[in-house]
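J.: fold the following for me, if possible:
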Amino acid sequence: MFNPNIFRDYDIRGVYPTELNEATYYAIGHALAVYLNVDSIAVGRDMRISSPNLFAALVDGITDQGTQVIDLGLISTEMLYFASGYYQFPASAIVSASHNPPEYNGLKIVTQGAVPLSGERGLPEIKALVQQNQFVNAAQKGRVTQQNILEDWINHALSFINPSALRRLKVVVDAGNGMGGIAWAEVAKRLPISIIPLYFELDGNFPNHTPNPVIESNLTALKASVLKEQADFGIALDGDADRIIVLDNRGQMLSSTVFMAMLCQELLIKYGPGLVLYNVTIGRIVPEIVEKYGGTSMRVRVGHAFIKQYMKQYQALFAGETSGHYYFRDNFTADSSLIAGLFAIQFVSNQSHSLAEVAQDFNKYPQSGEINFVVPDVLQALEPIKSDYSDAKVDEIDGLTFWYPDWWFNLRQSKTEPLLRLNVEANTLPILQEKTTTIIQKIQAMGGVEKKG
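T.: Here you go, the predicted model:
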């Protein structure tokens, strides 16, 4: 029985085998071939336990429709984006559920140039084809060929930095038993620094922790290793390696805002003036750093499909999100944790002080972090907030952002879950605490319940 709810705004995702299974992927394979109407589709997979079977079913559906398949094998999502742009495949897909627990799986799809299908383009049409399920096998089945892209990917990623100019740093990398360990193991052989691997072994059971670095409890082992090894900093990756979180040499997590500001500085020094995009929940230090180093900046909607569209439209140099996604113009406008991690190594290598000390200069404005609420009606919950803060300057780029001289906050509806998301930033910690507490109380008075984790 097909479950239409597996089609999300940015990808296909659900629990295996109850919400999605081999029959679902076989039908999706047919639908992909029909909708995309291309000669060939490149397909890869992650290390989840269900991925080999789902991959095989997807490939069968594509080839039964007469379309050729390029089997990319075990890859990360960032490698899929690279392959799409570098080899100019007409379309590409990866069987993966990103940072979700082991019982989940999913599918991400891009067209030539790493342009993602989303709820606004492609996914609704494919969903409709699967629901109709009126596929007819082609007279001649499509062929499957294999292609290894790892060497080209590593060469591409390393081209962003100058390895010979690096100091002999010590960096701990926690791949969380996900796909990021493959690339970092290769990078470690080519850099004049010490990479200390943590959970590089591919294991779809995720025996050490779930591959979601945004959850602080998943960073416990990384923090301990950074301190034990007296490392210069630590890196945590999500399951499909398109997101990155950084810990300083004291084991403290850098906010995505602070890390993005550092990347902005490094990229603008390297490339000169350029446009930087940042989503509505990134803090004010980012546009300040961009301006300081001669660039220009623009606030945009949350979500990788929107970010990539804006990057191409405005020819942006770089973009970042609070979720830990960082996008690079010269990486086909796609996000990459590996390239972001390499720039982090270069940034720290260029500093005369430790990362913890340098971070103090960037950590200028206290932030609440993202606070999520389950509410009876997301849109209805925004109305009394608009009334209570009617004296603010308001923009509606994504949800509602309320601006005051010494603080601001954003409320927006999640694109992936039935949640109301709150982010607050202020000039001082007392202002942040006071304003955040007040807003939380207002949301709770409307029946909102804070969701932890």
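
J.: show me where the stretch 1-150 of the chain has helices.
T.: In the stretch 1-150 of the chain, the segments counted as helices under DSSP state H, counting those that start in this stretch are 22-36, 51-64, 77-86, 123-132, 150-158.

J.: out of those, the one nearest Ala426 is which?
T.: When the helices of the stretch 1-150 of the chain are compared by Cβ to Cβ, helix 77-86 sits nearest Ala426, at 34.1 Å. Placement of C-beta: from N, CA and C, glycine included.

J.: could you name the helices and strands sitting against the closest one?
T.: Under the contact criterion of 3 or more Cβ pairs under 8 Å, 6 or more residues apart in numbering; DSSP states H and E, helix 77-86 touches strand 40-45, strand 68-74, strand 91-95, strand 104-111, helix 150-158, strand 334-335, helix 337-349.

J.: can you spell out which helices and strands pack onto the helix or strand bottoming out on mean pLDDT in the chain?
T.: When the helices and strands of the chain are compared on mean pLDDT, DSSP states H and E, helix 378-388 comes out lowest with a mean of 87. Packing contacts for helix 378-388, counted by 3+ Cβ pairs under 8 Å, 6+ apart, involve strand 400-404, strand 407-413, strand 420-426, helix 429-445.

J.: report the buried residues of it.
T.: Buried residues in helix 378-388, counted by 16 or more other Cβ atoms under 10 Å: 378, 381-382, 385.

J.: need those in JSON lines (columns: distance to Trp184).
T.: What follows is these, written out as JSON lines (distance: Cβ to Cβ, whole Å):
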{"residue": "Val378", "distance to Trp184": "39"}
{"residue": "Ala381", "distance to Trp184": "42"}
{"residue": "Leu382", "distance to Trp184": "42"}
{"residue": "Ile385", "distance to Trp184": "43"}
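
J.: thinking again about what came up before, just put the helices and strands packed on helix 77-86 in TSV and tack on mean neighbour count and mean pLDDT.
T.: Converted to TSV, the helices and strands packed on helix 77-86 look like this (neighbours: other Cβ atoms under 10 Å; pLDDT from 0 to 100):
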stretch	mean neighbour count	mean pLDDT
strand 40-45	25	98
strand 68-74	18	98
strand 91-95	27	98
strand 104-111	25	98
helix 150-158	17	98
strand 334-335	27	97
helix 337-349	24	98
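
J.: looking at the ones you listed, which is closest to Gly399?
T.: Of these, the one closest to Gly399 (Cβ to Cβ) turns out to be strand 334-335, at 21.6 Å.

J.: dump the helices and strands packed on helix 77-86 into TSV; add distance to Val290 as well.
T.: As requested, the helices and strands packed on helix 77-86 are arranged in TSV below (distance: least, Cβ to Cβ, whole Å):
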stretch	distance to Val290
strand 40-45	34
strand 68-74	35
strand 91-95	32
strand 104-111	28
helix 150-158	24
strand 334-335	19
helix 337-349	15
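
J.: out of the ones you listed, which gets nearest to Lys170?
T.: Across the helices and strands packed on helix 77-86, closest to Lys170 is helix 337-349 (Cβ to Cβ), at 10.4 Å.

J.: tell me what that closest one is packed against?
T.: Counting by 3+ Cβ pairs under 8 Å, 6+ apart, helix 337-349 packs on helix 77-86, helix 150-158, helix 180-188, strand 233-237, strand 244-247, helix 256-271, strand 326-328.

J.: ok, and Pro197, which helix or strand is that part of?
T.: When elements are assigned from DSSP states H and E, Pro197 belongs to strand 194-198.

J.: Thr210 is nearest to which of the helices and strands packed on helix 77-86?
T.: Nearest to Thr210, of the helices and strands packed on helix 77-86 and by Cβ to Cβ, is strand 104-111 at 10.1 Å.

J.: which residues are in contact with the closest one?
T.: Applying Cβ atoms under 8 Å, 6 or more residues apart in numbering, the contact partners of strand 104-111 are 6, 10-16, 20, 25, 28, 32, 36, 48, 50-51, 54, 58, 77, 80-81, 84, 90-98, 100, 116-117, 122-123, 126.

J.: what do you get if the cut-off is 7 Å, keeping everything else the same?
T.: Residues from elsewhere that reach strand 104-111 (Cβ atoms under 7 Å, 6 or more residues apart in numbering): 11-16, 20, 28, 32, 48, 50-51, 54, 77, 80-81, 84, 91-98, 116-117, 122.

J.: adjacent strands (with direction) for that strand?
T.: Paired with strand 104-111 in the same sheet, following DSSP bridges, are strand 12-15 (antiparallel), strand 91-95 (antiparallel), strand 115-116 (antiparallel).

J.: now it: how far from the chain's centre is it?
T.: In this view, strand 104-111 has its centroid 13 Å away from the chain centroid, taken as Cα atoms, centre = their mean, to the nearest Å.

J.: ok, now which ones touch the residue of the chain most remote from its centre?
T.: Each residue of the chain has a distance to the centre, and by Cα atoms, centre = their mean the biggest one is for Ala139: 40.0 Å. Listed by Cβ under 7 Å, 6+ apart, the contact set of Ala139 is empty.

J.: do the same with Gly303
T.: Under the criterion of Cβ under 7 Å, 6+ apart, the neighbours of Gly303 are 10, 415.

J.: let's see that with 6 Å instead.
T.: Lys415 (Cβ atoms under 6 Å, 6 or more residues apart in numbering).

J.: distance of it relative to Val187?
T.: 28 Å (Cβ to Cβ, to the nearest Å).

J.: returning to that earlier point: from the helices and strands packed on helix 337-349, which stretch is densest packed?
T.: strand 233-237 (a mean of 29; mean count of other Cβ atoms under 10 Å).

J.: tell me the helices and strands packed up against it.
T.: Applying 3 or more Cβ pairs under 6 Å, 6 or more residues apart in numbering; DSSP states H and E, one finds that strand 233-237 contacts strand 170-174, helix 220-229, strand 244-247.

J.: for the protein, give me the ranges with low pLDDT.
T.: Regions of the chain meeting the criterion pLDDT under 70 cover residues 453.

J.: the domain parsing of it - what is it?
T.: Following automatic domain parsing, the chain resolves into domains at 4-148, 153-362, 371-451.

J.: the longest one: end-to-end distance?
T.: In domain 153-362, first residue to last residue: 31 Å (Cα to Cα, to the nearest Å).

J.: for the last one, same thing?
T.: Start to finish, the residues bounding domain 371-451 are 8 Å apart (Cα to Cα).

J.: got a list of contacts for stretch 339-348?
T.: Against stretch 339-348 from outside (Cβ under 6 Å, 6+ apart): 157, 160-161, 232, 235, 244, 246, 262-263, 266, 326, 328, 331, 355.

J.: nearest to Gly181 among these?
T.: Nearest to Gly181 out of the contacts of stretch 339-348 is Ile235 (Cβ to Cβ; 11.3 Å).

J.: is the closest one in contact with Val173, as I believe?
T.: Yes - using Cβ atoms under 6 Å, Ile235 makes contact with Val173 at a distance of 4.7 Å.

J.: look up how far Arg167 lies from Asp238.
T.: 28 Å.
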